[in-house]
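Visitor: Starting from these lines, generate the structure:
(one chain, ligands or ions: 1)
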Amino acid sequence: MTLSDNKAESPIDGSPFSLGSLRQGYRAVVIGASGGIGSALCAHLESDPRIGELVAISRTIDGFDVTNERVIAEKVVEIGEPVDLLICATGMLTVDGTPPEKSIRHIDPAVMAAQFMTNAIGPALVAKHFLPRLSRQDRTIAAFLSARVGSIADNRIGGWISYRSAKAALNQIVRTASIEMARTHPTASVVAIHPGTVETKLSAPYSRGHKTVTAVTAASNILRTLDNLQTGETGSFVAYDGSPIEW
Ligand SMILES: NC(=O)c1ccc[n+]([C@@H]2O[C@H](COP(=O)([O-])OP(=O)(O)OC[C@H]3O[C@@H](n4cnc5c(N)ncnc54)[C@H](OP(=O)(O)O)[C@@H]3O)[C@@H](O)[C@H]2O)c1
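Guide: Residues are numbered from 1 along each chain as shown. Predicted coordinates for the structure are as follows:
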């Protein structure tokens, strides 16, 4: 079992990237800034000469737990508006030391519930509170870190049933939110994105023998792909290189 199923993952380019599609002085919010990919996204964004402000939020540093709605609601008020770029880079594969299931025989309801809470319901709460804060006038982007293994159509080898299904639920949440957002925020792109197989704490136990990219490269790829989305292009599930992934 691999983080990316049977698709080859290849790096594009790890070079720093400037988000030209957003307004000069744009304001970015990265949730999960303590994570492997989240921290690399922050590093790239900090070095973008076009950025106005980066709001980096993390559970470790700020006590921002995506499963705690009160904390999310308070943070949104604290941050205020506008938000031009929102990236939710939180997620979990191993639950308190319990690895993803190899078979349905290993389903544990508590572990499965934790997967859904962290990988689907938490980001849904982030969407609920943060998406209305996106500007209605300027070009905006909201991206939720998903995983190719959340694709139902692409599932060829089974395994990891809780993580897979929680990410599939996340994809449906993002798609649904994007449809609502298109009515009120026509300049917003709301997408689920697969980062590739990335060298982070999350993937380390499972990436041996697979082609991986560093978090710096993954972050650069993600930002480039987000920047290349066209206004009106929303509700999609895309890979780090911009290619569409089947639901
Ligand atoms: N790495 C890969 O190969 C790969 C492949 C496909 C998809 N992804 C997805 O990419 C995303 C980022 O993964 P990563 O590789 O960067 O993993 P990581 O290094 O383990 O980082 C995970 C981040 O999620 C945060 N987090 C977890 N539970 C949280 C909660 N309840 N509330 C708030 N924050 C929480 C962690 O916060 P703290 O550390 O502060 O607790 C950490 O910042 C995940 O959604 C993952 O599923 C990764």
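
Visitor: Beyond the helix or strand of the chain with the lowest mean pLDDT, next helix or strand please.
Guide: Across the helices and strands of the chain, the lowest-confidence element by mean pLDDT, DSSP states H and E is helix 59-62, at a mean of 92. Next in sequence after helix 59-62, counting helices and strands by DSSP states H and E, comes helix 69-79.

Visitor: Quickly check: that next one near the ligand or not.
Guide: No: figure legend: helix 69-79 not in contact with the ligand (C-beta under 6 Å from any ligand atom); closest approach 8.9 Å. For every residue, glycine as well, the C-beta is placed using N, CA and C.

Visitor: let's number from 5 now, not from 1
Guide: Noted, 5 is the first residue going forward, which turns the last one into helix 73-83.

Visitor: right, and the helix or strand after that helix?
Guide: Per DSSP H and E, the first helix or strand lying C-terminal to helix 73-83 is strand 89-92.

Visitor: can you give me the helices for this protein?
Guide: Ranges of helices in the chain, per DSSP state H, are 40-50, 63-66, 73-83, 113-120, 126-134, 165-188, 219-232.

Visitor: Out of the ones you listed, which gets nearest to Ser107?
Guide: helix 165-188 (8.2 Å; C-beta to C-beta).

Visitor: any idea of the mean pLDDT for that closest one?
Guide: Helix 165-188 comes out with an average pLDDT of 98.

Visitor: That one near the ligand anywhere?
Guide: No: judged by C-beta under 6 Å from any ligand atom, helix 165-188 stays clear of the ligand, getting no closer than 6.8 Å.

Visitor: cool, and stretch 30-37?
Guide: Yes: using C-beta under 6 Å from any ligand atom, we find that stretch 30-37 touches the ligand at Gly36.

Visitor: who's in contact with the most centrally placed residue in the chain?
Guide: In the chain, the centroid-proximal residue (C-alpha atoms, centre = their mean) is Leu149; its distance is 1.6 Å. Taking C-beta atoms under 8 Å, 6 or more residues apart in numbering, we find Leu149 in contact with Gly36, Ile41, Ile91, Cys92, Ala93, Thr94, Gly95, Ile197, Pro199.

Visitor: Could you dump the helices of the chain into a markdown table with mean neighbour count and distance to Arg27 added?
Guide: Listed next are the helices of the chain as a markdown table, based on neighbours: other C-beta atoms under 10 Å; distance: least, C-beta to C-beta, whole Å:
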| stretch | mean neighbour count | distance to Arg27 |
| --- | --- | --- |
| helix 40-50 | 23 | 14 |
| helix 63-66 | 13 | 26 |
| helix 73-83 | 14 | 17 |
| helix 113-120 | 16 | 36 |
| helix 126-134 | 21 | 18 |
| helix 165-188 | 20 | 18 |
| helix 219-232 | 23 | 13 |
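
Visitor: Dump these into a markdown table; add distance to Pro209 as well.
Guide: Listed next are the helices of the chain as a markdown table, based on distance: least, C-beta to C-beta, whole Å:
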| stretch | distance to Pro209 |
| --- | --- |
| helix 40-50 | 13 |
| helix 63-66 | 20 |
| helix 73-83 | 29 |
| helix 113-120 | 16 |
| helix 126-134 | 22 |
| helix 165-188 | 13 |
| helix 219-232 | 16 |
